[in-house]
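Q: Turn this into a structure:
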Amino acid sequence: MQPLRFLLLTLALPILAQAQSVEPTGPIQTELRDPSVPQALRNVKPAPATQGAALQAQVERKLRESFDAADVAGSGSLTRAQAQAAGLGVVAKNFDRIDTAGTGKVTFEDVKRYLRSRGAKL
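A: Coordinates of the predicted model:
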């Protein structure tokens, strides 16, 4: 039993000496991390908030992407059913107001015109 105790003390003494010689400079802080966040995303800084004309362009681009995704026929226009199926609730609910020509289809320009008339800055 004696050799084992000697071995443990031999290994532990340098560690204990180092721990005693280090003076804490403040409270010990441990960074908490969500284990479900991938390592590559842990230190990613959020993008600065978009403002002004850049924000308007971003909104219009996203609206256009949604409109184009709903236009499964690639015709450049949507029917009420396509708008409903794509989850474009504003377009579907206000379809008759947007379709001022009464054609049963609306273009992206028709949607923008309607949104502008309601106060949107596109």
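
Q: alpha carbons only for contacts and neighbour counts from here, please
A: OK.

Q: check contacts around the residue nearest to residue 80 when sequence neighbours are not counted.
A: Spatial nearest neighbour of residue 80, chain neighbours left out: residue 92 (5.4 Å); criterion: C-alpha to C-alpha, 6 or more residues apart in numbering. By C-alpha atoms under 8 Å, 6 or more residues apart in numbering, residue 92 lies in contact with 80, 81, 83, 84.

Q: Okay, the residue nearest the centre of the chain and residue 99: tell me how far apart.
A: The structure's the chain has its C-alpha centroid closest to residue 46; by C-alpha atoms, centre = their mean the separation is 9.4 Å. Applying C-alpha to C-alpha, to the nearest Å, the value for residue 46 to residue 99 is 40 Å.

Q: Then residue 88?
A: Counting by C-alpha to C-alpha - residue 88 and residue 99 are separated by 15 Å.

Q: before we move on, back to that, just the buried residues from the contacts of residue 92, in PyMOL please.
A: One line in PyMOL is enough to select the buried members of these, burial here meaning 16 or more other C-alpha atoms under 10 Å:
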select buried, resi 80+83+84
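
Q: from the contacts of residue 92, which single one is nearest residue 51?
A: residue 83 (28.5 Å; C-alpha to C-alpha).

Q: I'd say the closest one and residue 89 touch.
A: Yes: Residue 83 is within contact range of residue 89, at 7.1 Å (criterion: C-alpha atoms under 8 Å).

Q: Run through this structure and note the low-pLDDT ranges.
A: Applying pLDDT under 70 to the chain flags the ranges 1-33.

Q: all helices of it, in order?
A: 2-21, 52-70, 80-85, 89-93, 95-98, 108-117 (DSSP state H).
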